[in-house]
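**Q** Sequence and computational prediction follow.
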Amino acid sequence: MKTTRRKFLGAAALAGAGAIAPVLPLAAAAKKHPVVHHVFFWLKNPDSKEDRDKLIAGLKTLSKIETVRDLRVGVVASTEKREVVDNSWGVSELMFFDDLAGQEAYQSHPIHLEFIRNCSHLWSKVIVYDSIDV
């Protein structure tokens, strides 16, 4: 079977699209919902899978808050160790909001306050990074 340059380029484009496809929903969320709330949690008992799982379950309840447009919960990835990579935390939460008012409503929402009451005993440190698309 003879491969033409056009077929080769078409196949290469499809392969490239497949490689970035997992990133597209997150990029789309950032464009549609420009306020980003990224939180990193350090567990009191970092070796406790039970504590980590409780925190993850608690974080996932936050998706029920009306102003939360997208929620991602993650743990440290086993990526290359580099000087600029901080992998000292245990669990992270990444949220998207339509606007600052939505993020503010989230802060005082009963589900968020319940999450804090039920899960704050699990962490020793929390750092929050809020940003808005420019």
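**A** Sure thing, it's come through.
**Q** Which positions within the helix or strand containing Phe96 qualify as buried?
**A** Assessed by DSSP states H and E, Phe96 sits inside strand 91-97. Using 16 or more other Cβ atoms under 10 Å as the test for burial, strand 91-97 gives 91-97. Just so you know, the C-beta spots here come from the backbone N, C-alpha and C atoms, and that holds for glycine as well.
**Q** neighbouring strands for it, and are they parallel or not?
**A** strand 35-43 (antiparallel), strand 70-75 (antiparallel) (DSSP bridges).
**Q** And those: which comes nearest Tyr106?
**A** Closest to Tyr106 of the strands paired with strand 91-97 is strand 35-43 (Cβ to Cβ; 7.4 Å).
**Q** pull the CA atoms of the closest one into PDB?
**A** Provided in PDB are the C-alpha atoms of strand 35-43 (Å, rounded to 0.1, in the frame of the first residue of the first chain):
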ATOM      1  CA  VAL A  35     -12.000  31.900  38.000                       C
ATOM      2  CA  VAL A  36      -9.700  29.200  39.200                       C
ATOM      3  CA  HIS A  37      -9.500  28.000  42.800                       C
ATOM      4  CA  HIS A  38      -6.600  25.500  43.400                       C
ATOM      5  CA  VAL A  39      -6.100  24.100  46.900                       C
ATOM      6  CA  PHE A  40      -3.300  21.900  48.200                       C
ATOM      7  CA  PHE A  41      -3.700  19.800  51.400                       C
ATOM      8  CA  TRP A  42      -1.000  18.300  53.500                       C
ATOM      9  CA  LEU A  43      -2.400  15.400  55.500                       C
END
